[in-house]
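J.: Sharing a model that was predicted from the sequence below.
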Amino acid sequence: MDFVRYADLAASLVNCPVDTHEDLAAYLQRRQWLLRQVEERDLAPVRRLRRELRPVFEASDAGDEAEVVSHVNALLEKYPVSPHIAGHDSETWHLHVAERGSTVAALITAECVMGLAMLVVDFGATRLGVCSSRHCTNVFVDTSPNSSRRYCSDRCSSRANVAAYRARQRAETRV
C-alpha cells in the first residue's frame with residue numbers, strides 16, 4: 001500500500017473545494033470506480049474532513065512536530081481506521097483501509113488519515129507544507145530527499161522565482 005499516495009490524496013482534498021457534488025466529482029476524477037458510488041450524504045463528511053486536515057499541514061509547515069502528531073492522533077481517534085488484507089492470490093496481497101461497502105466519505109477519510117499517519121511515522125512530522133507563494137494557500141506533501149520543498153507546484157515555484165528575478169532586476173536598475 002502506498003501511503004504517500006494516500007497522504008497526497010489528503011493534500012489534494014485540502015486544495016480542492018468540495019462545496020458541491022460537482023466539486024467532489026472533480027476531486028475523484030481519476031478514480032471513476034469510486035465516483036460512481038458517490039451519494040449526496042458523502043458531501044458533508046468530506047467537507048468536514050477537509051477542514052480538519054488543513055491544521056495538520058499548517059503545523060507541519062511551522063515545524064511543530066508535537067502539534068502535527070497531536071492533530072493526526074486526534075483524527076485517528078475520531079476516525080478509527082481498520083485496515084485489512086485483500087487480494088486475489090498470494091502475489092497480490094495488499095492492505096485496504098476501509099471495508100467493502102463503506103461510503104465514499106468513509107473511504108476517503110480512512111485513506112487520508114492513514115496516509116498522513118504513516119507519512120509522519122515513515123518520513124517525519126515536518127514533511128507536509130503550505131505553499132510559500134504569497135498568492136497561494138495550497139498544501140503539499142514533501143517527499144524530496146532533503147525535505148526542501150517550499151511550493152505546491154512547479155507553477156508556483158516558477159512564479160516566485162520569476163518575481164524574485166524581476167525584483168532583483170528592478171533593484172539593480174535603480175542603483
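T.: Yes, it's here.
J.: Gly129: which element?
T.: Using DSSP states H and E, Gly129 maps to strand 128-130.
J.: Strand partners (parallel or antiparallel) of that strand?
T.: Counting by DSSP bridges, the strands paired with strand 128-130 are strand 139-141 (antiparallel).
J.: Contacts for whatever helix or strand comes next after the partner strand next, please.
T.: As assigned by DSSP H and E, the chain's next helix or strand after strand 139-141 is helix 154-174. Here helix 154-174 makes contact (Cβ atoms under 8 Å, 6 or more residues apart in numbering) with Cys131, Ser132, Ser133, His135, Cys136, Asn138, Arg150, Tyr151. Yep, even glycine has a C-beta here, placed from its N, CA and C like the rest.
J.: And the furthest pair within those?
T.: Farthest-apart pair in the contacts of helix 154-174 is His135 and Arg150; separation 14.0 Å (Cβ to Cβ).
J.: What's the separation between Phe123 and Asp8?
T.: Applying Cβ to Cβ, to the nearest Å, the value for Phe123 to Asp8 is 12 Å.
J.: any low-confidence regions in the protein?
T.: 1, 100, 175 (pLDDT under 70).
J.: mind checking the SS state of Val113?
T.: helix (DSSP: H, G, I helix; E, B strand; the rest coil).
J.: Is it correct that Phe3 is in contact with Met118?
T.: Yes. The criterion here is Cβ atoms under 8 Å, and Phe3 meets it with Met118 at 3.6 Å.
J.: hang on, Tyr27 packs against Val18?
T.: Yes. Between Tyr27 and Val18 there is a contact under Cβ under 8 Å: 6.3 Å.
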